[in-house]
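K.L.:
Sequence first, then the predicted structure:
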Amino acid sequence: METPKNPTSVNHRIREGLSRLAMAMRTDDWTRAKTSGLNPTQLAILELLQGREDGLGVKEIAANLGVSQPTATDSIAALERKGFVAKRSAGADRRGVNVGITGEGVSVLEEGQNSPNVAEQSVDALADHEQEQLLITLVKMIRHLQEIDAIPIQRMCASCRYFVPFVHSDAAQPHHCNFVDAAFGQRDIRIDCREHETANPASRAATWDVFQQG
Ligand code: SF4
């Protein structure tokens, strides 16, 4: 039995905590998906495709969601029948096929995003500095998962070619985004930015060194 004298490892207990959050978020996803006439995988696909003008290939969709390609294919076919996604040609030679979200898909997604979900409510319960610390901790954890190839590169500032960390002396806004040519702060760091463009590996490593030492 676990007691204060005989605790399990801290990473085990953090995993237990994260799994409780994941459970609440899954319940949320089911409720939101049901309201929109979707299942959670279909909802996750729409969320993944939102803001991606060129769409994504089935393989990329499956990798980003951590599902098999047949599962992704089935869900995409269901979404296509509902008119929420459409296939479009992709790649320089236009011979590949990507899946993109349609206007109807964006509408159904936005309808379900009007009220804060449980995860957002639990973040609201934290103080500002705790929210900022949590955001940066999540960036570090996600970045590590990317480094060990557990997940694909996400559209985070930390991997973006426009990101210049800790370049300004203003402690409230130390970072710079070259895409919009503006300074921004730690709590504005993006996890999933539409304007993200992946930097090359050497540049990503150099940026990360500066960011984590800041
Ligand atoms: S474009 Fe987006 S991801 Fe890139 S630095 Fe600017 S805010 Fe961050």
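P.N.:
Great, that's in hand. Numbers count the residues shown, from 1 in each chain.
K.L.:
which residues of the protein fall in strands?
P.N.:
85-90, 96-101, 163-164, 175-177, 182-184 (DSSP state E).
K.L.:
Which residue comes closest to the residue nearest the centre of the chain once chain neighbours are left out?
P.N.:
Geometric centre of the chain, nearest residue: D192, 4.7 Å, by CA atoms, centre = their mean. Nearest residue to D192, sequence neighbours excluded (CB to CB, 6 or more residues apart in numbering): R155, at 5.0 Å. Every C-beta, even on glycine, is put in place using the N, C-alpha and C of the backbone.
K.L.:
Go ahead and confirm the one you found touches I189.
P.N.:
No - at 11.8 Å, R155 does not count as touching I189 under the criterion of CB atoms under 8 Å.
K.L.:
With neighbour numbers in mind, choose between those two.
P.N.:
Taking neighbours as other CB atoms under 10 Å, R155 and I189 compare with I189 leading, 20 against 17.
K.L.:
So the residue nearest to the centre of the chain sits against Q154, correct?
P.N.:
Yes - between D192 and Q154 there is a contact under CB under 8 Å: 6.6 Å.
K.L.:
Return the residues of the protein in contact with the ligand.
P.N.:
157, 160, 162-163, 177, 179, 190, 193, 195-196 (CB under 6 Å from any ligand atom).
K.L.:
Any quick ChimeraX command for the buried ones out of the residues you listed?
P.N.:
Selection of buried members from the residues of the chain next to the ligand for ChimeraX, criterion 16 or more other CB atoms under 10 Å:
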select :157,160,162,163,177,190,193,196
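K.L.:
any low-confidence regions in the chain?
P.N.:
Applying pLDDT under 70 to the chain flags residues 1-2, 91-95.
K.L.:
where do the helices sit along it?
P.N.:
In the chain, the helices defined using DSSP state H lie at 10-35, 40-49, 58-65, 69-82, 103-111, 118-124, 128-147, 201-213.
K.L.:
would you list those in CSV and tack on mean neighbour count?
P.N.:
Conversion of the helices of the chain to CSV gives the following (neighbours: other CB atoms under 10 Å):
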stretch, mean neighbour count
helix 10-35, 13
helix 40-49, 21
helix 58-65, 17
helix 69-82, 16
helix 103-111, 15
helix 118-124, 12
helix 128-147, 14
helix 201-213, 14
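K.L.:
Quick one: closest of these to H168.
P.N.:
Distance to H168, taken as CB to CB, is lowest for helix 201-213 among those, at 12.5 Å.
K.L.:
one step back: output the strands of the chain in CSV, with distance to V58 appended to each entry.
P.N.:
Output for the strands of the chain, formatted as CSV (distance: least, CB to CB, whole Å):
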stretch, distance to V58
strand 85-90, 10
strand 96-101, 7
strand 163-164, 29
strand 175-177, 31
strand 182-184, 34
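K.L.:
just the ones you listed: most buried one?
P.N.:
For those, average neighbour numbers computed from mean count of other CB atoms under 10 Å are highest in strand 163-164, which has a mean of 23.
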